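Peer 1: need coordinates for the below:
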Amino acid sequence: MLGRPNIAIAGLACETSTFSPARTLAPAFHPRRGKEVIDEYAFLHPGTPLGNSANWHGALIGHALPGGIVARESFEKLASEIITRMIEIKNTTSIDGLWFDIHGAMCVEGMDDAEAELLQRIRKIIGPDVIVSASMDLHGNVSQRLVHQTDLITCYRMAPHEDEQETKERACKNLVDMLKSPAGRPGRPLKAWVPIPILLPGEQTSTRIEPAKSLYELVPGVEATDGILDAAIWVGYAWADEPRNHAVVVVTGWNADCVTEGAKKLANYFWDARRDFKFVAPTGSLMECIDSALVSSSRPFFISDSGDNPTAGGAGDVTWSLDRILGRPEFKSSSGPTAIYASLPGPQAIETILKAGIGAVVTVTAGAEVDDLHDGPITMTGRIHSIRHGDKDAVVEAVLQVGSVFVILTKLRKPYHREHDFTRLNLAPRHVDIVFVKIGYLEPELFDMASDWLLALTPGGVDQDLPRLGHVRIHRPMWPYDREFAEAPDLTPQLIPFSNEAL
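Peer 2: Next up, the predicted model:
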């Protein structure tokens, strides 16, 4: 190709639990359009190698905080705008490539395989000749239908996802390199796809620990093989119930033998290691975790309230854990062991707190407005410690000191992953006894702060006890839902050709 290729950018990303009563609406995606899309990614800015290598055209991208199933009307609204904007781009210039910026675990009401459906609609506009490169979360799902419609597809190689931007940049670089490749290269790359009958939560597949650490360390070696362009392993998303939910390996390249052997190597290692996947930290019931934290000399001691993790798809407003924490006699007095609880949405509680002001003692009720399957709203009396306006997710945050527990309340749900999330609220997480966070594995800053930590197996839309959630639509047998297989699964890689037809 002579000159700079024209590349469009579009996609919707949301990790959604079908076991949560929450629903995700269009505004939650915080859509970016046109130049806003380019502004989102520093590696595409003018003056950067990638920014200068192509003419980038933003259609629409939307990244929602993980949550419940996406309302069909909201999906259709956003998908329709993407199509309209793709038509506008096509009417002003030729489109040579598409970066499909997705997560891979978005579930939409009345629809299976939402990302493949969205790409098929886009393909009807841009046509079969446009080269598509998809970047995904390793907790996404890769159906055969999605692979058929993409030319390049890759995902993160770290959990926690410290390589998110690196992965997206790789997807764009691979796309540009392919569009600028020598004319003698034989057509579209080959894709070796291997579905693996394993479905595990992220808390058992963190690349910090074995066996996921060694599994993902194999990827660069496979990718470095002559004839291979990219290698990727998807763990899949455990808290949704669709047939596409399972682990997958995809190796992309130009040599059929190499991509097939590379995919086979990764898939077999994954399967053979299935019994070795364990939780990333010691686990226990909430009460067991509190007991351990109270007798430990490690400070701060972190406890993950994992069942309602808002960054895995939980509603974020389950009150089950907070109710039991505040019921413990150790925390009844302000002189008791100091603790932070992050967090619980309570719009009405926030209104009461705003009217009263810092220092006032108030009684408020919060939680269970969305997910009331595990416990009802909780009523607390405490002193207002701090108030903060303007957070992108929470909108308004407040801290209520109840006994010796500093409870973070929010207008809308918010994850607490960084130290400044606490210090902005006049909290000092490094200098308290216990920090309770609605999370699974600790994100890097929390991990670095914690002197010790435990993962509490608590109820919610992303319950770590997968069998008790009640999957009925995933393929069976599936590890660990099924511990015995009548015969070993067929892990023969399938070479997936490009196809613009719905499957």
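Peer 1: all helices of this structure, in order?
Peer 2: 35-40, 49-53, 72-92, 114-126, 144-149, 164-179, 212-223, 256-272, 286-295, 320-326, 347-356, 419-423, 444-449 (DSSP state H).
Peer 1: residue 192: which of these is closest?
Peer 2: helix 256-272 (3.8 Å; Cβ to Cβ). To be clear about C-beta, it is placed using only N, CA and C from the backbone, and glycine gets the same treatment.
Peer 1: that closest one: which residues count as buried?
Peer 2: In terms of neighbour count (16 or more other Cβ atoms under 10 Å), helix 256-272 has its buried residues at 258, 259, 260, 261, 262, 263, 264, 265, 266, 267, 270, 271.
Peer 1: also stretch 328-348?
Peer 2: Neighbour-count burial for stretch 328-348, counted by 16+ other Cβ under 10 Å, picks out 328, 330-331, 336-346.
Peer 1: okay, and which of those residues map to strands?
Peer 2: Counting by DSSP state E, the buried residues of stretch 328-348 place 339, 340, 341, 342, 343, 344, 345 in strands.
Peer 1: any idea how this protein splits into domains?
Peer 2: Residue ranges for each domain of the chain read 6-278, 283-463, as given by automatic domain parsing.
Peer 1: between these, which gets nearest to residue 482?
Peer 2: domain 6-278 (8.2 Å).
Peer 1: looking at the protein, which strand is longest?
Peer 2: strand 378-391.
Peer 1: show me what that strand is packed against.
Peer 2: helix 320-326, helix 347-356, strand 361-366, strand 395-402, strand 405-410 (3 or more Cβ pairs under 8 Å, 6 or more residues apart in numbering; DSSP states H and E).
Peer 1: now for those, which one comes closest to residue 285?
Peer 2: Judged by Cβ to Cβ, the one of the helices and strands packed on strand 378-391 that comes nearest to residue 285 is helix 320-326, at 9.8 Å.
Peer 1: what comes up buried for that closest one?
Peer 2: Buried, per 16+ other Cβ under 10 Å, within helix 320-326: 320, 321, 322, 323, 325, 326.
Peer 1: for stretch 163-170, same thing?
Peer 2: Per 16+ other Cβ under 10 Å, stretch 163-170 contains these buried residues: 163, 167, 168, 169, 170.
Peer 1: can you tell me what sits against that stretch?
Peer 2: 41, 42, 43, 50, 101, 135, 154, 155, 156, 157, 230 (Cβ atoms under 8 Å, 6 or more residues apart in numbering).
Peer 1: low-confidence ranges in the stretch 351-500 of the chain?
Peer 2: Across the stretch 351-500 of the chain, the ranges flagged by pLDDT under 70 are 500.
Peer 1: just the contacts of stretch 163-170 now: which is nearest residue 371?
Peer 2: residue 156 (27.6 Å).
Peer 1: list the contacts for the closest one?
Peer 2: For residue 156, the contacting residues are 136, 137, 138, 163, 164, 167, by Cβ under 8 Å, 6+ apart.
Peer 1: what pLDDT is listed against it?
Peer 2: The per-residue pLDDT reported for residue 156 equals 98.
Peer 1: next: residue 182.
Peer 2: Value listed for residue 182 in the pLDDT field: 62.
Peer 1: also the one 4 residues further on?
Peer 2: Residue 186 carries a pLDDT value of 58.
Peer 1: got a list of what residue 326 touches?
Peer 2: 378, 380, 402, 403, 405, 407.
Peer 1: my bad, should have said residue 276
Peer 2: 210, 211.
Peer 1: same check, this time on residue 447
Peer 2: Contacts of residue 447 (Cβ under 8 Å, 6+ apart): 160, 441, 453.
Peer 1: return the distance of it relative to residue 208.
Peer 2: Separation of residue 447 from residue 208 (Cβ to Cβ, to the nearest Å): 8 Å.
Peer 1: could you do residue 63 as well?
Peer 2: Per Cβ to Cβ, residue 63 is found 24 Å from residue 208.
Peer 1: with residue 431 instead?
Peer 2: 26 Å.
Peer 1: between the two, which is the more surrounded one?
Peer 2: Taking neighbours as other Cβ atoms under 10 Å, residue 431 and residue 208 compare with residue 208 leading, 15 against 9.
Peer 1: the more buried one against residue 280, yeah?
Peer 2: Yes. The pair residue 208 / residue 280 is scored as a contact, 6.5 Å apart, by Cβ atoms under 8 Å.
Peer 1: determine the residues that are contacts of both of those two.
Peer 2: Shared contacts of residue 208 and residue 280, counting by Cβ under 8 Å, 6+ apart, come down to residue 441.
Peer 1: circling back: any idea which of the buried residues of helix 320-326 is closest to residue 312?
Peer 2: Of those, the one sitting nearest to residue 312 (Cβ to Cβ) turns out to be residue 321, at 15.1 Å.
Peer 1: show the contacting residues for the closest one.
Peer 2: Contacts of residue 321 (Cβ under 8 Å, 6+ apart): 286, 305, 307, 308, 436, 456, 458.
Peer 1: can I get the residues you listed in a markdown table with distance to residue 315 and neighbour count?
Peer 2: Formatted as a markdown table, the contacts of residue 321 follow (distance: Cβ to Cβ, whole Å; neighbours: other Cβ atoms under 10 Å):
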| residue | distance to residue 315 | neighbour count |
| --- | --- | --- |
| 286 | 18 | 22 |
| 305 | 13 | 27 |
| 307 | 10 | 25 |
| 308 | 7 | 30 |
| 436 | 17 | 27 |
| 456 | 17 | 23 |
| 458 | 13 | 26 |
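Peer 1: which of those sit farthest apart?
Peer 2: Pairwise distances across these peak at 12.4 Å for 307 and 436 (criterion: Cβ to Cβ).
Peer 1: most neighbours among the contacts of residue 326, which one?
Peer 2: In the contacts of residue 326, the most neighbours by other Cβ under 10 Å go to residue 407, 28 neighbours.
Peer 1: any figure for the gap between it and residue 227?
Peer 2: For residue 407, the distance to residue 227 (Cβ to Cβ) stands at 56 Å.
Peer 1: for residue 279, same thing?
Peer 2: 38 Å.
Peer 1: neighbour count winner among these two?
Peer 2: residue 279 (20 against 15).
Peer 1: surely that one meets residue 200?
Peer 2: No. Here residue 279 lies out of contact with residue 200, judged by Cβ under 8 Å, at a distance of 10.2 Å.
Peer 1: now residue 158. Nearest residue, chain neighbours left out?
Peer 2: Closest residue to residue 158 apart from its sequence neighbours, by Cβ to Cβ, 6 or more residues apart in numbering: residue 207 at 5.1 Å.
Peer 1: verify the stated contact: the one you found with residue 159.
Peer 2: Yes. Using Cβ under 8 Å, residue 207 is in contact with residue 159, at 5.0 Å.
Peer 1: which of the two has more neighbours?
Peer 2: Taking other Cβ under 10 Å, residue 207 and residue 159 do not tie; residue 207 has more neighbours (25 against 22).
Peer 1: for residue 364, see how far away the more buried one is.
Peer 2: 40 Å.
Peer 1: just give the number of residues close to the nearest residue to residue 146 once chain neighbours are set aside.
Peer 2: Leaving aside its sequence neighbours, residue 146 sits nearest to residue 116 (Cβ to Cβ, 6+ apart; 4.2 Å). Look at residue 116: counted by other Cβ under 10 Å, it has 25 neighbours.
Peer 1: so residue 116 touches residue 145, yeah?
Peer 2: Yes. Taking contacts as Cβ under 8 Å, residue 116 lies within contact range of residue 145: 4.3 Å.
Peer 1: sorry, back to before: wait, what's in contact with the residue nearest to residue 158?
Peer 2: Per Cβ under 8 Å, 6+ apart, neighbours of residue 207: 157, 158, 159, 213, 216.
Peer 1: tell me who's in contact with the fourth one.
Peer 2: Same thing as residue 213. Contacts for residue 213 (Cβ under 8 Å, 6+ apart) come out as residue 207.
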